[in-house]
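J.: I'll drop the sequence and a predicted model, then ask my questions.
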Amino acid sequence: MYDKSELGKDTPAVLNEIEKGAIRRFAESLGDYNPIYYDEKYAQSVGLRGIVAPPTFPFTFQLGADLRERLNVPAQSLLHAETQLEYERPIFAGDKLWVSSRLIEFSEKRSPTGKFFLVVIEDEGKAEDGKRIYSIKNTYIIRGVKSGRPGAT
Amino acid sequence: MQRKLYFEHVNVGDELTSSTRLTLERTQLARYAVGVGDFNPLFLDEPYARQQGLVSVMAPNSLALGLFGQLLMEWGKSCRIKSLSAKFLKLYWPMDQLLARGRVAQKMTEGTQHLVEINGWVENQKGEMVLRSKAVVQLFFNLEDENRHRASLPPLVG
């Protein structure tokens, strides 16, 4: 479970193997039928190494623990406010990425409507050779937690 | 159909618009929540969502960013995305109709990389912005630049 004491610490990296079927299903779930997500020959014809993952595919990666459980807050209190993705290169079918996560901010804020918590979590995916492939920084707002602060057990 | 978009053909102020407006059917919403691996009951369980004071199930915020990503890749013809960021401004709901749009804000060449910055947004059927986004994509300068890259020759520099 997340706690302020975890600031800056990496969670153990979890292996995510990028499968063609998962890319296809994710693209379909967006209603995105761009052939670069389905057809290897087509993807190569436009200069890609092979079937590529849609830009927001890193949202599907497994990190070994559910965020809401780690933050110990009910689902309805957690609002995804901002996201920032950086890519060193596209993610391709067949990639094996080691994904880890780090709590980089956990602070209490005040607004006219009351107290809230700001949580910033950065995930990072590395290739097997240790090279960073992408990072994603997500900002969440936690509201309406009445008893103590989230993360407290 | 042209398969590539080159830097030399892009102008500041160029507009990007999705070819279709996505109507967020309930099945599509559920499919996305499952696709992204987020089983938050607020996305999937109507009685639960109402009990929590929502009008219905809601959509995961990242869905609209996915639509902007789709637009970028359609426009950029397999361009390389360097960065993509978003602020989620408004929730969206079953049967909302979402449209991704964008505008070229800046062109820049950094070293050998030809980069285009795009300001984007996704709007609902009332014209309200549900997210605002910024993306930087990398393009080849032109066909010759791409051919040199494929042949492992040094890149063309503006």
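T.: Now that the structure is in, tell me what you want to look at. Residues are numbered from 1 along each chain as shown, chains lettered A, B, ... in the order given.
J.: can you classify B:Ser83 as helix, strand or coil?
T.: strand (DSSP: H, G, I helix; E, B strand; the rest coil).
J.: no no, A:Gly50
T.: A:Gly50 ends up coil, using three-state DSSP.
J.: and the lengthiest strand in chain A, does that touch chain B?
T.: Determined from DSSP state E, the single longest strand within chain A is strand A:96-111. No: Strand A:96-111 stays clear of chain B (CB under 8 Å from any CB of the partner chain), getting no nearer than 12.5 Å. Just so you know, the C-beta spots here come from the backbone N, C-alpha and C atoms, and that holds for glycine as well.
J.: can you name the next helix or strand after that strand?
T.: Along the chain past strand A:96-111, the next helix or strand (assigned with DSSP states H and E) turns out to be strand A:114-126.
J.: is the helix or strand that that following strand is followed by positioned near chain B?
T.: Next along the chain after strand A:114-126, taking DSSP H and E as the criterion, comes strand A:132-143. No: Strand A:132-143 does not reach chain B (CB under 8 Å from any CB); its nearest approach is 8.5 Å.
J.: which helices and strands does strand A:132-143 pack with?
T.: Applying 3 or more CB pairs under 8 Å, 6 or more residues apart in numbering or on different chains; DSSP states H and E, one finds that strand A:132-143 contacts helix A:67-71, strand A:78-87, strand A:114-126.
J.: neighbouring strands for the last one, and are they parallel or not?
T.: Translated: strand A:114-126. When sheet partners are counted by DSSP bridges, strand A:114-126 sits next to strand A:96-111 (antiparallel), strand A:132-143 (antiparallel).
J.: ok so, going back, could I get the helices and strands packed on strand A:132-143 as JSON lines with distance to A:Ala93 and mean pLDDT?
T.: Output for the helices and strands packed on strand A:132-143, formatted as JSON lines (distance: least, CB to CB, whole Å; pLDDT from 0 to 100):
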{"stretch": "helix A:67-71", "distance to A:Ala93": "26", "mean pLDDT": "69"}
{"stretch": "strand A:78-87", "distance to A:Ala93": "16", "mean pLDDT": "94"}
{"stretch": "strand A:114-126", "distance to A:Ala93": "15", "mean pLDDT": "91"}
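J.: let me know the average pLDDT across the longest helix belonging to chain B.
T.: Here the longest helix in chain B is taken by residue count, with DSSP state H as the criterion, and it is helix B:62-76. Mean pLDDT, helix B:62-76: 95.
J.: what residues does the most centrally placed residue in chain B make contact with?
T.: Residue closest to the mean C-alpha point of chain B, counted by CA atoms, centre = their mean, is B:Phe68 at 1.9 Å. Taking CB atoms under 8 Å, 6 or more residues apart in numbering or on different chains, we find B:Phe68 in contact with B:84, B:86, B:100, B:102, B:120-122, B:131, B:133, B:135.
J.: so which bits of the strand ranked longest in chain B are buried?
T.: Assignment by DSSP E gives strand B:97-110 as the longest strand of chain B. By 16 or more other CB atoms under 10 Å in any protein chain shown, the buried positions in strand B:97-110 come out as B:98-102, B:104-105, B:107.
J.: stretch A:19-36 now?
T.: In stretch A:19-36, counting by 16+ other CB under 10 Å, buried: A:20, A:22-23, A:26-32, A:34, A:36.
J.: is that stretch positioned near chain B?
T.: Yes: using CB under 8 Å from any CB, we find that stretch A:19-36 touches chain B at A:25-26, A:28-32, A:34, A:36.
J.: any stretches of chain A with poor pLDDT?
T.: Applying pLDDT under 70 to chain A picks out residues A:1-5, A:64-69, A:75, A:144-153.
J.: apply 90 and report the result again.
T.: For chain A, the stretches with pLDDT under 90 are A:1-12, A:45-47, A:61-80, A:101-103, A:106-117, A:142-153.
J.: longest helix in it, please.
T.: Chain A, longest helix under DSSP H: helix A:20-29.
J.: right, and the helix or strand after it?
T.: Moving toward the C-terminus from helix A:20-29, the next element (DSSP H and E) is helix A:40-45.
J.: now that following helix: buried residues?
T.: Residues of helix A:40-45 classed as buried by neighbour count (16+ other CB under 10 Å): A:42-43.
J.: wondering if it reaches chain B at all.
T.: Yes: judged by CB under 8 Å from any CB, helix A:40-45 comes into contact with chain B at A:43, A:45.
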